[in-house]
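Visitor: Sequence plus predicted model, see below.
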Amino acid sequence: MSLEKKIRAAEKALEFVETGMKIGLGSGSTANEFIKLLSLKIKEGFDIEGVVTSQDTENLAKESNIPLTSLQEAKSLDITIDGTDEVDSNLSLIKGGGGALLREKIVAYNSEKLIIIADDSKKVDKLGNFKLPVEVSIYESSATNLNIIRKLEEVGYYGSSSIRKSENTNFITDSGNYIYDFSLGSIEEPYIVDQLLNSIPGVIGHGLFIDLADIVIIANEESVEILSK
C-alpha cells in the first residue's frame, strides 16, 4: 500500500472519531497512520482514550501522547480502527500478517464498531491468497500444527504450513505464542474454517475475522470506497 493511500484511508476513518470516545488502536503500518492523525486531534482538544493491540502500537501511542487505558478499565470500546491483509464482499477478513492477531481480535470483539482501513489491493473475491496465520501454544506446537492440517484436509483444504520466523528463530507473539502460516488457496467457506480452528486444542487464535468488521474503508488512487453491513 502506498503511503498516500494509507493516509487517505486513515483520514476517512478519523471522521468517525468523536471526543469522549474510547478507541481500540490497531497494529500495522496503516493503523500507525491513523494513530499519528489521532494524536493531532488530541492536540486540538479531543478527549480520547486508547486501548492498544500490540507492543509496537503501545510504543507509538505513547510517543504520540495518546492517553491509554485497558479493556478492564474501559469495559467496552466505542470503535476500533485497524488494518487488514484481505477483505471480501462479506467484510470477512484475514489479519495477522504483523503477528498481533490475538490481541486485535480481543479488542475488536469488545468494540461497538470495528472500522477497517486498507487499500484496494486488499479487496478480494475470496479470502485465501494471503496465508492464514494461526497462533498456537508453544507447548507441543508441532503436534497442534499436524492436527490443524489433518482437520483442514477433512473439510477439503489441502495446503501447507510453515512456522513464522524472525531473524532465523521462531517468531514469538506479544502473548508468548508461535504462529503457523497456512497456504490454503481460496477459502470457500470461512465460517467452517473458523469453527474448525476454534475447536482444536492448542490453537490460541487465528487470522479469520468473521462477522466482526462493521465498516471497511478502501483507498484507491484518487478516492475512498466505504463498505458496510
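Guide: Perfect, thanks for sending it.
Visitor: Dig out what Asn170 forms beta bridges with.
Guide: Lys165 (DSSP bridges).
Visitor: do you know how far it is from Thr144?
Guide: Separation of Asn170 from Thr144 (CB to CB, to the nearest Å): 14 Å. C-betas here are computed from N, CA, C, even on glycine.
Visitor: Just want to know which of these two has more residues nearby.
Guide: Thr144 (21 against 12; other CB atoms under 10 Å).
Visitor: residues near the nearest residue to the more buried one once chain neighbours are set aside, how many?
Guide: Closest residue to Thr144 apart from its sequence neighbours, by CB to CB, 6 or more residues apart in numbering: Gly202 at 3.3 Å. Gly202 sits with 18 neighbouring residues when counted by other CB under 10 Å.
Visitor: One more: the one 4 residues further on?
Guide: Burial of His206 is recorded as 27 neighbouring residues (other CB under 10 Å).
Visitor: any chance you could map the helices in this structure?
Guide: With DSSP state H, the ranges of helices along the chain come out as 3-14, 29-43, 55-63, 71-74, 101-109, 141-154, 190-198.
Visitor: Quick check: buried residues in the fourth one?
Guide: By neighbour count with 16 or more other CB atoms under 10 Å, helix 71-74 contains the buried residues Leu71, Ala74.
Visitor: Send me it as CSV with only the CA atoms.
Guide: Only the C-alpha atoms of helix 71-74 are listed here, as CSV (Å, rounded to 0.1, in the frame of the first residue of the first chain):
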residue,chain,number,x,y,z
LEU,A,71,-10.4,-3.2,28.5
GLN,A,72,-10.7,-3.9,32.2
GLU,A,73,-10.9,-0.2,32.9
ALA,A,74,-12.9,0.8,29.8
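Visitor: quick one, which of the helices of the chain is packed in tightest?
Guide: helix 101-109 (a mean of 23; mean count of other CB atoms under 10 Å).
Visitor: Give me the mean pLDDT for that one.
Guide: Helix 101-109 carries an average pLDDT of 98.
Visitor: And that helix, what does it pack against?
Guide: strand 77-82, strand 132-136, strand 203-206 (3 or more CB pairs under 8 Å, 6 or more residues apart in numbering; DSSP states H and E).
Visitor: Could you identify which of those strands is most buried?
Guide: strand 132-136 (a mean of 26).
Visitor: neighbouring contacts of that one?
Guide: 94-97, 99, 101-102, 144-145, 148, 161, 164, 173, 175, 177-182, 184, 187, 193, 197, 202-208 (CB atoms under 8 Å, 6 or more residues apart in numbering).
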